[in-house]
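Student: Turn this into a model:
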Amino acid sequence: MFFLPRVKKSILSVIITAALATSACNPIVNKHGYVPDQERISSVQIGVDNKESVYQRLGSPSTAASFDSEVWYYISSKEETLAFFAPKVTQRDIVAVIFDDEEYVVDIAGYTVEDGKVVEYVGRKTPTRGKELSFLEQMFGNIGRLPAPSQGQ
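Tutor: Next up, the predicted model:
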């Protein structure tokens, strides 16, 4: 083992600490949904392909339009989470396949994050019914509600 002066040891420890701290700040990347294959998407022909052939080429859609089942959406997204912060959507690709009344492809549209606002798919809060108590009501609500001690004990 080699011996360094005290100043060099402290500088070395600061450098090592800084290197470890910066390496821990890499974001966690999560990919969700349909991974688009451009060859398969470009093989879908407008006016020629129907719902069955699109299903065979692209698979099951991520979702269909709520009120009009004539639009299929294939959605993929990429989120990055840095340390303890909330995830941030960095990339979103949406392929919309639009059908006519006879179930033939009319149009194929593509959307990204830049085309609109980010929509939260699933809310994390479930509304509950009943009375909502304040902090003080919760703390002092049980005063006087304790059962009376029994005489035999």
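Student: so where do the strands sit in this structure?
Tutor: 28-33, 63-64, 71-81, 88-99, 105-112 (DSSP state E).
Student: OK, contacts around the nearest residue to residue 72 once chain neighbours are set aside?
Tutor: By the measure of C-beta to C-beta, 6 or more residues apart in numbering, the closest residue to residue 72 outside its immediate chain neighbours is residue 61, 3.7 Å from it. All C-beta atoms are positioned from the backbone trio N, CA, C, and that covers glycine. Residues counted as contacts of residue 61 (C-beta atoms under 8 Å, 6 or more residues apart in numbering) are 34, 72-74, 97.
Student: what about residue 98, how many neighbours?
Tutor: Look at residue 98: counted by other C-beta atoms under 10 Å, it has 15 neighbours.
Student: shouldn't it be in contact with residue 110?
Tutor: No - judged on C-beta atoms under 8 Å, residue 98 makes no contact with residue 110 at a distance of 11.9 Å.
Student: hey, what's the residue nearest the centre of the chain bridged with?
Tutor: The chain has residue 79 as the residue nearest its centroid, 6.3 Å off, counting by C-alpha atoms, centre = their mean. Counting by DSSP bridges, residue 79 is bridged to residue 30, residue 89.
Student: begin at 14 from here
Tutor: Yep, numbering from 14; the last one is residue 92 now.
Student: Name all residues that make contact with it.
Tutor: 42-43, 45, 100-103 are the contacts of residue 92 under C-beta under 8 Å, 6+ apart.
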